[in-house]
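S.K.: Pasting a predicted model and its sequence here:
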Amino acid sequence: MNAIDRLTEHFKRFPGIGPRQAKRFVYHLLKQSNADITNLTNLILDLKKNVRVCEDSFCHFYSDDPQERLSPIAKDESRDNSVLMILSNDTDMENIEKQGVFKGRYFILGGLLSALDQEPEKKLRANDLVRIVDKKSKNGLAEIIIALSANPDGDNTRDYVLQKLSPFEGIKISTLGRGISTGAELEYIDEGTMRSALLNRK
């Protein structure tokens, strides 16, 4: 396998990227100057060096301080500590933040579960979720919103999360209203639909 094929195989691992798109990426890179390739390489290395995982929300954030452990959102004292939204990934959080419809706290699970997943603890931050909820329950947490995509994997993950959170009887647990159509990815939901889903959560 030559360099073109190896790089194509690597791009195929990207979410939503098929063989033809992966090959287009490779040929696009071949057209770039050495300076552009060097710049891209440095950006990727900087990404790995300075992007950290928040100890509170488990979202990714950029900081050149190796001692920083909290994201800007986690450090924002104006946020509502009584509400925690559970999301599957960072892009969902970025979309909700961009819309400005939610001012509480976040927890990023790290993915979704399919019906075939036999070891969910290896795929999701389930134990971290329980630990964070236990900690926040002592500091005014009153409601948890499970905000996952309206598809089979989202539903499987919601059921699993509900099971993990069952010991926390004093906290209201809600899910987004079905203003979000079945099959919809949360990452692409518009502001009006998200606002409706939040208002009609159950």
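M.R.: That came in fine, so what should we check first?

S.K.: average pLDDT for stretch 191-202?
M.R.: What stretch 191-202 shows for mean pLDDT is 65.

S.K.: Which parts of the protein are helices?
M.R.: 3-11, 19-30, 34-50, 72-75, 90-99, 120-123, 126-137, 152-165, 191-199 (DSSP state H).

S.K.: Now do the longest one and helix 19-30, the angle between them.
M.R.: For helix 34-50 against helix 19-30, the angle between stretch directions is 110 degrees (axes from the mean of the first three to the mean of the last three CA atoms, to 10 degrees).

S.K.: Likewise for the first one?
M.R.: Per the same axes, to 10 degrees, the angle that helix 3-11 makes with helix 19-30 is 120 degrees.

S.K.: hang on, the earlier thing: just so I know, which of the helices of the chain lies nearest residue 171?
M.R.: Comparison of the helices of the chain against residue 171 by CB to CB identifies helix 126-137 as nearest, at 6.1 Å. All C-beta atoms are positioned from the backbone trio N, CA, C, and that covers glycine.

S.K.: Pull out the buried positions in stretch 54-68.
M.R.: Neighbour-count burial for stretch 54-68, counted by 16 or more other CB atoms under 10 Å, picks out 54, 56, 57, 58, 59, 60, 61, 68.

S.K.: Dump the helices of the chain to TSV, plus mean neighbour count and distance to residue 108.
M.R.: Converted to TSV, these look like this (neighbours: other CB atoms under 10 Å; distance: least, CB to CB, whole Å):
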stretch	mean neighbour count	distance to residue 108
helix 3-11	14	25
helix 19-30	13	26
helix 34-50	10	17
helix 72-75	14	11
helix 90-99	17	6
helix 120-123	14	13
helix 126-137	16	10
helix 152-165	18	12
helix 191-199	17	17
